[in-house]
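Q: I'll drop the sequence and a predicted model, then ask my questions.
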Amino acid sequence: MRRVNFYSGLDIDLSLAHKYDFNPYYCNIESSLSDPIIIDGKEFINLASNNYLGLAADKRVAQAIAQAAEKYGASMCGTPIATGSMVLLQRLEQRLANFIGLQDSIIFPSGYQANCALFLSLAQSEDLIIIDHYAHASLVQGVRLAGCKVKPFLHNNVSHLRKILEKSSEYKRVFVVTESVFSTEGSIAPFDEIVNLCAEFDALPVIDDSHGIGVIGRSGRGILEEKNLDNFDGIYTASLGKALANTGGIISGKKELIDYLKYSCPGFIYSTALPPPVLAGIEAVLDIIDKEFPILSERMWRYKQMISNCLIDSGFELTEGQAPITSILIKDLEDCARVAKMIHTNKILATPFVPPSVPPNENKIRLIAGANLSENTINKALDLFRKIGKEVNLK
Ligand SMILES: Cc1ncc(COP(=O)(O)O)c(C=O)c1O
């Protein structure tokens, strides 16, 4: 029967999880992103979340969210264009644009949705999109939806990008798409060079700064500040669910672009606005960043350095990350599963990345230490990594 075939075609391969009696995905967190977090009733050190500045469980943010819920309720129950745009939304869109250093922005329910919606509404069949081949799934998905010619360039490789741009004159418009901080390995794009190349070849740069906003740049304003790109005239996107510790996604850029999207982007027009409490939570995080970024970022970077040094001393191979992300590189998939289980058994929550999230033989275990963790907690994690380093026997 067709229905039976349909369901039997939905099988997933969990053989590795069964072999090691360990499935790291969808674990049961019973607390906030506190220090420690509670998983299945047990205390864990959280090195998994993208909670870079440690603000997800900050009392001031929670209070702002609670007050907004009290005042504005839970939901707008409709799309901003059809049922009204909350004053909080308009204020936050402008504040985020000012924070990044751009003219205006538009807030989507998620970063994934922003990236998909962007290409669907902007790219046309005569266009070319050139994209870093390590780019996030949401960018890849969005680019596929665009229905125009797509060419990948080698990861962070400006000479390869130049070669593709040299052969791009037949296309009506050319977009060059990349991420600022690549989240599985912590590398940072040479975005200043990419912007210069785009100017030379009359292409439009598009940057996803999801892991850069609130993290890099002198005052946490992300990739444009980090690379001193004062007059950026390309397109900027970011998730608000990482250092900004809430949820949502933005597209930011010139006013003409944002006005166009507000009246013509199906992914915005036909989707319910972010709930008012979330908008208030993001504002509260921006207030904290304005005042406390130097202290929080010093801690975030120090923890990253402590973890990276300890792992190298304990015999692990790391990716060359320049961001506050430490990724253990384990070529063999079974070794990766084994080490991930050892880390979990030692009550550290980490994120294993295996294909298709990363290329084959580039399995990684990612560690991000939020600034909310105490130095004591980090030292405890280091002792555990030293112990695991002695016990593990990598091929
Ligand atoms: C680089 C990048 N872009 C976009 C997204 C999607 O953002 P969101 O989680 O807000 O949908 C993510 C999240 O995983 C990401 O890492």
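A: Sure thing, it's come through.

Q: so for the residue of the stretch 251-395 of the chain found nearest the ligand, what's the pLDDT?
A: Across the stretch 251-395 of the chain, the shortest distance to the ligand (C-beta to the nearest ligand atom) belongs to Ser357, at 10.1 Å. C-beta: built from backbone N, CA, C; applies to glycine. Looking at Ser357, its pLDDT stands at 86.

Q: just Ile12 next, same as before
A: 87.

Q: distance of it from the ligand?
A: 20 Å (C-beta to the nearest ligand atom, to the nearest Å).

Q: so who does whatever residue of the stretch 51-200 of the chain ends up closest to the ligand touch?
A: With C-beta to the nearest ligand atom, the shortest gap between the stretch 51-200 of the chain and the ligand falls at Gly111, namely 2.5 Å. Each residue near Gly111 by C-beta atoms under 8 Å, 6 or more residues apart in numbering is listed here: 138, 208, 210, 237-241, 248-250.

Q: tell me the least confident of those?
A: Ser138 (95).

Q: got the contact list for it?
A: If you count contacts by C-beta under 8 Å, 6+ apart, then Ser138 has 111-112, 115-116, 208 around it.

Q: now do Ile188
A: With C-beta under 8 Å, 6+ apart, Ile188 has these contacts: 180-182, 212, 216, 223, 226, 322-323.

Q: now do the closest residue to the ligand within the stretch 201-350 of the chain: how many residues are near it, please.
A: Nearest residue of the stretch 201-350 of the chain to the ligand (C-beta to the nearest ligand atom) works out as Ser239 at 3.2 Å. Applying other C-beta atoms under 10 Å, we find 28 residues neighbouring Ser239.

Q: so it bridges to which residues?
A: For Ser239, the beta-bridge partners are Gly249 (DSSP bridges).

Q: now Asn23, nearest residue through space, not along the chain?
A: Ala17 (4.1 Å; C-beta to C-beta, 6 or more residues apart in numbering).

Q: make sure that neighbour is indeed in a helix.
A: Yes - remark: Ala17 belongs to a helix, assigned using DSSP: H, G, I helix; E, B strand; the rest coil.

Q: isn't it right up against Glu334?
A: No - if you go by C-beta atoms under 8 Å, Ala17 and Glu334 don't touch, sitting 11.8 Å apart.

Q: write out the residues of the stretch 51-200 of the chain neighbouring the ligand.
A: 110-112, 115, 136, 138, 179, 183 (C-beta under 6 Å from any ligand atom).

Q: circling back: min pLDDT across the contacts of Ile188, which one?
A: Comparing the contacts of Ile188 by pLDDT, Gln322 comes last, at 92.

Q: ok, that residue - contacts?
A: Here Gln322 is in contact with 186-188 (criterion: C-beta under 8 Å, 6+ apart).

Q: host element of it?
A: For Gln322, there is no host helix or strand (DSSP states H and E).

Q: equivalent analysis for Ser297, please.
A: Using DSSP H and E, Ser297 falls in helix 276-313.

Q: what comes up buried for that helix?
A: Under the neighbour-count criterion of 16 or more other C-beta atoms under 10 Å, helix 276-313 has 276-286, 288-289, 293, 296-297, 299-301, 303-304, 306-308, 310-311 buried.

Q: got it, and stretch 371-379?
A: Under 16+ other C-beta under 10 Å, the buried positions of stretch 371-379 are 371-373, 377-378.

Q: which members of those residues occur in helices, if any?
A: 377-378 (DSSP state H).

Q: distance from the chain centre to the helix or strand bottoming out on mean pLDDT in the chain, please.
A: Every helix and strand in the chain was compared by mean pLDDT, DSSP states H and E; the lowest is helix 2-8, with a mean of 82. Relative to the centre of its chain, helix 2-8 is centred 36 Å away, using C-alpha atoms, centre = their mean, to the nearest Å.
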